[in-house]
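K.L.:
from the sequence below, what's the structure:
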Amino acid sequence: MSEIDYEKLAEIELQKDEAEDTQSQQEEMFVSPPLEDPELNINHPYYDVARHGIIQLAGDDNSGRKVITFSCCRMPPSHQLNHTRLLEYLKYTLDQYVENDYTVVYFHYGLKSMNKPSLKWLQTAYKEFERKYKKNLKALYVVHPTNFIKILWNIFKPLIRHDENLRRKQKGKLPPVVKIPPPRPPLPTQQFGVSLQYIKDKNKGELIPPVMKETVSYLKRKGLQVEGLFRRSASIQTIKDVQKLYNQGKSVNFDDYHDIHIPAVILKTFLRELPQPLLTFDCYDHILGITSVESSLRVTRCKQIIQELPEHNYVVLKYLICFLHMVSQESIYNRMTASSLACVFGLNLIWPSKGTASLSALVPLNLFTELLIDFYMNIFNSRTVPGEILP
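P.N.:
So this is what the prediction gives:
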């Protein structure tokens, strides 16, 4: 069947879907009002599209991957939305995550004749998404599929990658959750899911948690020139096993696993499972304001924010950023520039006290992290703490 036949058939099926929907008699009622995102600034480069809330960061899935949602019910009539801008904004959003594994959830409910993009636009979108967007897309879910979607499936089937493909590659069923809640009360040797203070108290006052010291030391010796360091995922079961060993106070020999990405994932997991982010909840709003600061003053502002951190947080952050600065210095080999590392570590260093960071918050959060890595020597040169160590 030719492309024009597909387009006609898709239009017929879309009209059938509308006719069968008994929840409303008017198309306008299927379009939700724009979401009010308090963190969305009118100066956002895609404010005209972002304000509708069509594309959102929903959090993490069961495998610890970022979840991006696309909700058709948020799409206004076509004459009120520039679909070219929508495509640009979608790419702009995905660019924040494509260096890591991620998941996309497409909510089809609410797509009607009045707000649907053309098949030509869909074909253009498919061609725009080159390999860098596809290589780490681990799952794409379609919610509320209809015959219209089934027709599109025949056209765009190569783009749809179901979680079953990932499961077959891993030769095993994914567990229901990734994060491992610590026992209550936590073990004296607990490393994951407990505060920095708890770890310090149980480790004779040492400031750097053992899991961080060991993973950083190993990666410094064997991973600095590994291409894509921190971008790749690892076996979920292996990560669980390593976490269990650390929590039980047992030794971990990363050489036994023959996978340099395991200690990298363990380091990110440790940061992500802290009860309070390393940069603390108190710094969240200050960090969001970094984009409002004149470019020439941003490093100074970063330094001011960092100086306000509790002593222990400051020492651990300095230790981590010192190492990430080393990684960025080897970017000619590992392809991990300060910007790439910021995309990986931004949301592992800071998140809001309630809910998850919105898409509009990613720009300042990642920019702040990038500045810390790029200007490490400048930002951390004026505050020393007795007993601190560096990688």
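K.L.:
state the next helix or strand along the chain beyond the helix or strand containing residue 217.
P.N.:
Following DSSP states H and E, one finds residue 217 within helix 210-222. Downstream of helix 210-222, the first helix or strand assigned by DSSP H and E is helix 236-247.
K.L.:
would you mind writing the CA trace of the helix or strand following that following helix as CSV?
P.N.:
Using DSSP H and E, the helix or strand that follows helix 236-247 in sequence is helix 261-272. What follows is helix 261-272, C-alpha atoms only, in CSV (Å, rounded to 0.1, in the frame of the first residue of the first chain):
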residue,chain,number,x,y,z
HIS,A,261,30.5,-0.1,34.0
ILE,A,262,29.5,-1.9,37.2
PRO,A,263,31.5,0.3,39.6
ALA,A,264,30.3,3.3,37.5
VAL,A,265,26.7,2.4,38.0
ILE,A,266,27.3,1.6,41.7
LEU,A,267,28.7,5.1,42.3
LYS,A,268,25.6,6.7,40.6
THR,A,269,23.3,4.4,42.5
PHE,A,270,24.9,5.4,45.8
LEU,A,271,24.4,9.1,45.2
ARG,A,272,20.8,8.5,43.9
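K.L.:
name the helices or strands packed onto helix 261-272?
P.N.:
Secondary-structure packing of helix 261-272 (3 or more C-beta pairs under 8 Å, 6 or more residues apart in numbering; DSSP states H and E): helix 210-222, helix 236-247, helix 338-349. C-betas here are computed from N, CA, C, even on glycine.
K.L.:
just how off-centre is it within its chain?
P.N.:
Relative to its parent chain, helix 261-272 has a centroid offset of 14 Å by C-alpha atoms, centre = their mean, to the nearest Å.
K.L.:
ditto for stretch 372-382
P.N.:
24 Å.
K.L.:
that stretch - what's its average pLDDT?
P.N.:
In this model, stretch 372-382 has an average pLDDT of 92.
K.L.:
stretch 111-126 too?
P.N.:
Mean pLDDT, computed over stretch 111-126, is 75.
K.L.:
end-to-end on that stretch?
P.N.:
Distance between the boundary residues of stretch 111-126 (C-alpha to C-alpha, to the nearest Å) amounts to 19 Å.
K.L.:
cool, and stretch 194-213?
P.N.:
Note: stretch 194-213 ends 16 Å apart using C-alpha to C-alpha.
K.L.:
and the pLDDT at residue 26?
P.N.:
For residue 26, the predicted pLDDT is 43.
K.L.:
count of neighbours near residue 65?
P.N.:
Using other C-beta atoms under 10 Å, the number of residues around residue 65 comes to 20.
K.L.:
residue 304 now?
P.N.:
12.
K.L.:
give me the element it is part of.
P.N.:
Counting by DSSP H and E, residue 304 is found in helix 298-307.
K.L.:
just to revisit the earlier point, mean neighbour count, the helices and strands packed on helix 261-272: which tops it?
P.N.:
Of all the helices and strands packed on helix 261-272, helix 338-349 has the most neighbours on average by mean count of other C-beta atoms under 10 Å, namely a mean of 23.
K.L.:
can you tell me which helices and strands that helix packs against?
P.N.:
Partner elements for helix 338-349 (3+ C-beta pairs under 8 Å, 6+ apart): helix 261-272, helix 311-329, helix 359-374.
K.L.:
touching that helix from outside, list them.
P.N.:
66, 96-97, 99-100, 230-231, 268, 271-272, 277-279, 317, 324-325, 327-328, 331, 336, 357, 362, 365-370, 373-374 (C-beta atoms under 8 Å, 6 or more residues apart in numbering).
K.L.:
next, the angle helix 359-374 makes with it.
P.N.:
120 degrees (axes from the mean of the first three to the mean of the last three C-alpha atoms, to 10 degrees).
K.L.:
that older thread, redo the helices and strands packed on helix 261-272 as CSV? Include distance to residue 191.
P.N.:
Shown next, in CSV, are the helices and strands packed on helix 261-272 (distance: least, C-beta to C-beta, whole Å):
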stretch, distance to residue 191
helix 210-222, 4
helix 236-247, 4
helix 338-349, 16
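K.L.:
ok, back up a step: residue 117 is nearest to which of the helices and strands packed on helix 338-349?
P.N.:
For the helices and strands packed on helix 338-349, the distance to residue 117 is smallest for helix 359-374, at 20.2 Å, taking C-beta to C-beta.
K.L.:
that closest one to helix 298-307, inter-axis angle?
P.N.:
90 degrees.
K.L.:
next helix or strand past helix 359-374?
P.N.:
That would be, after helix 359-374 and using DSSP H and E, helix 376-379.
K.L.:
where does pLDDT dip in the stretch 101-250 of the chain?
P.N.:
The stretch 101-250 of the chain contains residues with pLDDT under 70 at 119, 130-131, 144-184.
K.L.:
which one of the helices and strands packed on helix 261-272 lies nearest to residue 121?
P.N.:
For residue 121, the closest of those is helix 338-349, at 27.6 Å, according to C-beta to C-beta.
K.L.:
thanks a lot, catch you later.
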